[in-house]
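K.L.:
I'd like to go over a predicted model; first the sequence, then the structure.
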Amino acid sequence: MALRRLLLALLGSPRLVEKLSESRPIRAAARLTAAAITRGQLGARQATRGLAPRLLRLRDAFLRELKDGARERGWPWPPGRGPGRGGRPGAAP
């Protein structure tokens, strides 16, 4: 608890933060962090490029199955024949 307060008090000082940011270890850590983030972004982009064609095939297969299933059930219904399409409540379809 006391260590936390001490660190917060020290890091609250703009002069100390500026001095730390100019030190070699902090600059090296910042460089490593930036490099890791950049590598991660590039890897993610490459992964999504390889994934895009598979997602498109999945979408097309899903839509094809959905349309085939709808046609088997008689969809789209002729005007006035489907459930909830202008009929009286409780009337037989």
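P.N.:
That came through, no problem.
K.L.:
Which neighbouring elements make contact with the helix of greatest length in the chain?
P.N.:
If you go by DSSP state H, the chain has its longest helix at helix 24-72. The helices and strands touching helix 24-72, judged by 3 or more Cβ pairs under 8 Å, 6 or more residues apart in numbering; DSSP states H and E, number zero. In this view, the C-beta of every residue, glycine as well, is placed from N, C-alpha and C.
K.L.:
gap between that helix and the chain center?
P.N.:
9 Å (Cα atoms, centre = their mean, to the nearest Å).
K.L.:
could you give the mean pLDDT of it?
P.N.:
Averaged across helix 24-72, the pLDDT comes to 93.
K.L.:
Any idea how many residues pack against Leu20?
P.N.:
Residue crowding around Leu20 was assessed by other Cβ atoms under 10 Å; the count is 14.
K.L.:
which SSE is it in?
P.N.:
helix 14-21 (DSSP states H and E).
K.L.:
For that helix, give me every contacting residue.
P.N.:
Leu10, Leu11, Ile26, Arg27 (Cβ atoms under 8 Å, 6 or more residues apart in numbering).
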